[in-house]
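Asker: Predicted model follows, preceded by the sequence.
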Amino acid sequence: VLDGIHHNLGKRKFMILSEEEAGFYTNFDVFGATVKDKYPARAMGDAVNAGNCYAAGLYTACVFHCMRVAEYGLRKLASNRTLRVKITKNKKPCPIEYSTWQDVITAIQNKIKKIRQRPVGPTREAELQFLSSAADHCDYMKEIWRNEVSHTRRFYKKEEALAVIGRVKEFVTVIGEHK
């Protein structure tokens, strides 16, 4: 019996997680309750995978999944009915899910230009503040992480992956909570 157990265990691999790492493993709240409540269920899969990859020490994979979570935020931002951001390719409407990050960022920047032409007031200022911040977040994430991880330009370390989790959490929370 003991030989059978040893033989069976010899064919398996085990992973021991630190307390910090265990907190990320199968954690549905890595990016906060907003992702669960305000985003499609598919976003939850990437959120959990980001945490699992971080826990397992797969930091580049963690950043990859974080960028997928951020993309859900980007799409949510672009599809906000109040903002009415329009994505076009070759002067024709383009569905958000087939647009690039740059297409969406450009559309948001175009919306900001239109808002700046409105009369000064609290609504205009609130929209400018929100959209400008969101566009900056998107551009920052695209240049610093999304392009790098998607085009296999670099690998990420633990501290970097944790910083990406924090930044994406902030972004998807702000976008998810915006009215």
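Answerer: Structure's in. What do you need? Numbering: from 1, shown residues only.

Asker: looking at this structure, which helix or strand is least sure?
Answerer: strand 88-89 (a mean of 72; mean pLDDT, DSSP states H and E).

Asker: Direction included, what does that strand pair up with?
Answerer: If you go by DSSP bridges, strand 88-89 pairs up with strand 92-93 (antiparallel).

Asker: Could you count how many residues lie near residue 5?
Answerer: Close neighbours of residue 5, defined as other Cβ atoms under 10 Å, add up to 9. Glycine gets a C-beta too; all of them are placed from N, C-alpha and C.

Asker: next one: residue 26
Answerer: Neighbour number of residue 26 under other Cβ under 10 Å is 10.

Asker: Give me the residue at the spatial middle of the chain.
Answerer: Taking Cα atoms, centre = their mean, the centroid of the chain lies closest to residue 70, which sits 1.7 Å from it.

Asker: Who are the contact partners of that one?
Answerer: Going by Cβ atoms under 8 Å, 6 or more residues apart in numbering, residue 70 touches 138, 141, 146, 168, 171-172.

Asker: and the nearest residue to it once chain neighbours are set aside, what helix or strand is that in?
Answerer: Sequence neighbours aside, residue 168 is the residue nearest to residue 70 in space, at 4.8 Å (criterion: Cβ to Cβ, 6 or more residues apart in numbering). Using DSSP states H and E, residue 168 sits in helix 158-177.

Asker: For that helix, list the C-alpha coordinates in PDB.
Answerer: The C-alpha coordinates for helix 158-177 follow below in PDB (Å, rounded to 0.1, in the frame of the first residue of the first chain):
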ATOM      1  CA  LYS A 158       6.300  39.900  -9.000                       C
ATOM      2  CA  GLU A 159       6.300  43.600  -7.900                       C
ATOM      3  CA  GLU A 160       5.400  44.700 -11.500                       C
ATOM      4  CA  ALA A 161       2.500  42.200 -11.700                       C
ATOM      5  CA  LEU A 162       1.200  43.400  -8.300                       C
ATOM      6  CA  ALA A 163       1.400  47.000  -9.500                       C
ATOM      7  CA  VAL A 164      -0.600  46.100 -12.700                       C
ATOM      8  CA  ILE A 165      -3.300  44.400 -10.600                       C
ATOM      9  CA  GLY A 166      -3.600  47.600  -8.500                       C
ATOM     10  CA  ARG A 167      -3.800  49.900 -11.500                       C
ATOM     11  CA  VAL A 168      -6.300  47.700 -13.400                       C
ATOM     12  CA  LYS A 169      -8.400  47.400 -10.200                       C
ATOM     13  CA  GLU A 170      -8.500  51.200  -9.900                       C
ATOM     14  CA  PHE A 171      -9.400  51.600 -13.600                       C
ATOM     15  CA  VAL A 172     -12.200  49.000 -13.700                       C
ATOM     16  CA  THR A 173     -13.700  50.200 -10.500                       C
ATOM     17  CA  VAL A 174     -13.800  53.800 -11.600                       C
ATOM     18  CA  ILE A 175     -15.400  52.800 -15.000                       C
ATOM     19  CA  GLY A 176     -17.800  50.300 -13.400                       C
ATOM     20  CA  GLU A 177     -19.000  52.800 -10.800                       C
END
